[in-house]
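**Q** prediction below, plus the sequence it came from.
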Amino acid sequence: MKKNIFDKMSDSYERFHLKESEIHMGSDTISVSPKLKLALGWSIFILCCVFAYIFVGFPFVNAGKAKKTDKDEVLQKEIDVNEEHDTMVPYEKDADKDLNAFIKEYFTAITDCDNEKLKDMVTDASEFADNENLKRKAEFITEYNNITVYTKEGLDEGSYVAFVVSNLTIAGVNSSPYDISTLYIVMGSQGFRIQNGTLSEEISKYIEKVKGDKDIQKVYKSVEKKNAAMKEKDASLQEFYDIISRRNVETQSAADQTTEQAEDGAASQSDTSAEDAQLSETASETETSEATETPVTETQEIQTPAEETAQ
């Protein structure tokens, strides 16, 4: 009976692996036992695995160290943080569902003026000791919609620089302009936390540098164009920005006067300045935000003097 292909393969396997093989070298013949063939086969296989690990797997084992080195290079690199530069730290869009849920919860708590919840979401709970500032803000910003989170790796393992893009619902304004907030997220024993206290000089320097990354700045130009077009079509939005612009000027003037007043008078004036500056900051960020598929961020150059004073 004629053998099929599988029978032939079976016979070949049996002859090679299960029977002694003979190697002819001139007039000499070397016999190779099945055990020796098996040992040689496994030796070659293991050797191939070792080479594969050295040339392919080893770089992945050291990936964490490479990232840390890159971050050190970012800090050491001399660049103008107010100018666009080549991307040093790549971004990810909505990369972590848990992080996205946490950030959405955070902004919902802001518009709900839920101080107790906010205290558990930040590293410095004293910021939300009372909710008067939140109430004032909630009078004009009533909701954050269509939240998208773009993240770049933070300095420490498990930390992120998060650029949060959303559409604002503003009282008395027909359209929903784009807004962006920059958050530094750390991982605590109970999960994500927003580091809202005073950032270290190293972290602050790192954030400012990655804000100027080319991938982020490219989006800024698109954002400004979209918000400008929206203002042209919506008189109520233009009026809102006009009010904010006037408050910017007033806030800067108040800040200058504060430095010349006595300590007791200065403390009273700074409360008013902080309130106006908070409104100014939101509007300025709104003018430079994005809700498209590309990432967004803030840049130092677009902040008004009032914003810098408030920060």
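**A** Okay, I see it. All values reported here derive from a predicted model rather than from experimental measurement.
**Q** low-confidence ranges, the stretch 51-200 of the chain, go.
**A** 55-69 (pLDDT under 70).
**Q** for it, what spans make up the helices?
**A** Listed in chain order, the helices found in the stretch 51-200 of the chain under DSSP state H, counting those that start in this stretch are 58-61, 63-76, 97-111, 115-119, 132-138.
**Q** buried set for the fourth one?
**A** Same thing as helix 115-119. Buried positions in helix 115-119, judged by neighbour count with 16 or more other C-beta atoms under 10 Å: 115, 118. From N, CA and C alone the C-beta is placed, and that goes for glycine too.
**Q** with just CA atoms, put it into PDB.
**A** Included here for helix 115-119 are C-alpha records, laid out as PDB according to Å, rounded to 0.1, in the frame of the first residue of the first chain:
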ATOM      1  CA  ASN A 115     -15.300  69.400  49.800                       C
ATOM      2  CA  GLU A 116     -15.300  66.200  51.700                       C
ATOM      3  CA  LYS A 117     -14.800  64.100  48.600                       C
ATOM      4  CA  LEU A 118     -12.100  66.500  47.300                       C
ATOM      5  CA  LYS A 119     -10.100  66.200  50.500                       C
END
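**Q** coming back round to it: reformat the helices of the stretch 51-200 of the chain as JSON lines; add distance to residue 248.
**A** Formatted as JSON lines, these follow (distance: least, C-beta to C-beta, whole Å):
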{"stretch": "helix 58-61", "distance to residue 248": "50"}
{"stretch": "helix 63-76", "distance to residue 248": "32"}
{"stretch": "helix 97-111", "distance to residue 248": "22"}
{"stretch": "helix 115-119", "distance to residue 248": "26"}
{"stretch": "helix 132-138", "distance to residue 248": "16"}
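**Q** so which of the ones you listed gets nearest residue 221?
**A** In terms of C-beta to C-beta, the element of the helices of the stretch 51-200 of the chain nearest to residue 221 is helix 63-76, at 22.9 Å.
**Q** the helices of the stretch 51-200 of the chain: which one's closest to residue 155?
**A** Ranking the helices of the stretch 51-200 of the chain by their distance to residue 155 (criterion: C-beta to C-beta) puts helix 63-76 first, at 5.8 Å.
**Q** I'd like to know which elements the lengthiest strand in the chain is packed against.
**A** With DSSP state E applied, the strand covering the greatest number of residues in the chain is identified as strand 141-153. Using 3 or more C-beta pairs under 8 Å, 6 or more residues apart in numbering; DSSP states H and E as the contact criterion, the neighbours of strand 141-153 among helices and strands are strand 92-93, helix 97-111, strand 160-170.
**Q** try 6 Å
**A** With contacts defined as 3 or more C-beta pairs under 6 Å, 6 or more residues apart in numbering; DSSP states H and E, the secondary structure elements packing on strand 141-153 are helix 97-111, strand 160-170.
**Q** what about residue 204, how many neighbours?
**A** With neighbours defined by other C-beta atoms under 10 Å, the count for residue 204 comes to 12.
**Q** whoops, residue 92 was the one
**A** 13.
**Q** if we can go back for a sec, could the helices and strands packed on strand 141-153 go into CSV alongside mean neighbour count and distance to residue 249?
**A** Formatted as CSV, the entries for the helices and strands packed on strand 141-153 read as follows, by neighbours: other C-beta atoms under 10 Å; distance: least, C-beta to C-beta, whole Å:
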stretch, mean neighbour count, distance to residue 249
helix 97-111, 16, 26
strand 160-170, 22, 21
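**Q** could you dump those into JSON lines and include distance to residue 122?
**A** Below are those laid out as JSON lines (distance: least, C-beta to C-beta, whole Å):
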{"stretch": "helix 97-111", "distance to residue 122": "8"}
{"stretch": "strand 160-170", "distance to residue 122": "13"}
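**Q** nearest to residue 131, of those?
**A** Of all the helices and strands packed on strand 141-153, it is helix 97-111 that lies closest to residue 131, at 9.9 Å by C-beta to C-beta.
**Q** what's that closest one packed up against?
**A** Identification of packing neighbours for helix 97-111 by 3+ C-beta pairs under 6 Å, 6+ apart yields strand 141-153.
**Q** ok, the strand it packs on: who's next to it in the sheet?
**A** strand 92-93 (antiparallel), strand 160-170 (antiparallel) (DSSP bridges).
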